[in-house]
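Enquirer: pasting the structure only:
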């Protein structure tokens, strides 16, 4: 009986050492392929905006940016120049930096003139870690069903982005 108990105890101690654990090391946005729940504060009036407020049946382009980032400024100019390529896409520009900096960027680039662009302050710093943004801007594309399509970061060929959104 003692031999059986010793064998069982040994088995229970050794077995976990040989079991393989499968941890998915992909970022959460690559595991959860839907637009995540979020809360931001919109420019120019700081009203609350959440995932539930997104337009249904429209592709979504999320741009995580820094108002001080040169690449973000260039990308914003490019998006504004090519805005017609995004006619079937809602663009959500978010930053974690102070609301006042975001608001200055909003006014400087005349974002209010482009109804498909919404700019918001990410007070809770959700987007930056969730999307593992390493260089700016970070662009994440979701299709018209809210499913992940592709992500981009840093210097980006805008044509690749509008193709990913389903526009031409």
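Expert: Now that the structure is in, tell me what you want to look at. Quantities reported herein were computed from a predicted structural model and do not represent experimental measurements.

Enquirer: remind me what the strand or helix carrying residue 101 packs against, helices and strands.
Expert: In the assignment (DSSP states H and E), residue 101 maps to helix 99-108. When contacts are defined as 3 or more Cβ pairs under 8 Å, 6 or more residues apart in numbering; DSSP states H and E, helix 99-108 packs onto strand 89-95, strand 117-121. The C-beta positions use only the backbone N, C-alpha and C, and glycine is treated the same way.

Enquirer: quick check: bridge partners of residue 151?
Expert: Taking DSSP bridges as the rule, residue 151 bridges to residue 140.

Enquirer: show me the contacts for it.
Expert: By Cβ atoms under 8 Å, 6 or more residues apart in numbering, the contact set of residue 151 is 29, 131, 138, 139, 140, 141.

Enquirer: how does it look with 7 Å?
Expert: Neighbour list for residue 151: 131, 138, 139, 140 [criterion: Cβ atoms under 7 Å, 6 or more residues apart in numbering].

Enquirer: let me see the ranges of the strands in the protein.
Expert: Along the chain, counting by DSSP state E, strands occupy 39-42, 48-50, 59-64, 89-95, 117-121, 138-142, 148-153.

Enquirer: out of these, the one nearest residue 160 is which?
Expert: Closest of these to residue 160 is strand 148-153, at 6.9 Å (criterion: Cβ to Cβ).

Enquirer: can you give me the buried ones in that closest one?
Expert: Residues of strand 148-153 classed as buried by neighbour count (16 or more other Cβ atoms under 10 Å): 148, 149, 151, 152, 153.

Enquirer: looking at the protein, which helix or strand is least sure?
Expert: Between all helices and strands in the chain, the lowest mean by mean pLDDT, DSSP states H and E belongs to helix 2-18, at a mean of 55.

Enquirer: contacts only, for residue 112.
Expert: residue 44.

Enquirer: and the pLDDT at it?
Expert: Note on residue 112: pLDDT of 97.

Enquirer: one step back: rank the strands of the chain by pLDDT, which is bottom?
Expert: For the strands of the chain, where the average pLDDT is lowest is strand 148-153, sitting at a mean of 92.

Enquirer: relative orientation of it and strand 59-64 in degrees?
Expert: Counting by axes from the mean of the first three to the mean of the last three Cα atoms, to 10 degrees, strand 148-153 lies at 30 degrees to strand 59-64.

Enquirer: still on that earlier bit, now tabulate the buried residues of strand 148-153 in CSV and tack on distance to residue 79.
Expert: Formatted as CSV, those follow (distance: Cβ to Cβ, whole Å):
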residue, distance to residue 79
148, 20
149, 17
151, 16
152, 12
153, 15
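
Enquirer: quick check, nearest of these to residue 57?
Expert: Looking across the buried residues of strand 148-153 and measuring by Cβ to Cβ, the closest to residue 57 is residue 149, at 14.9 Å.
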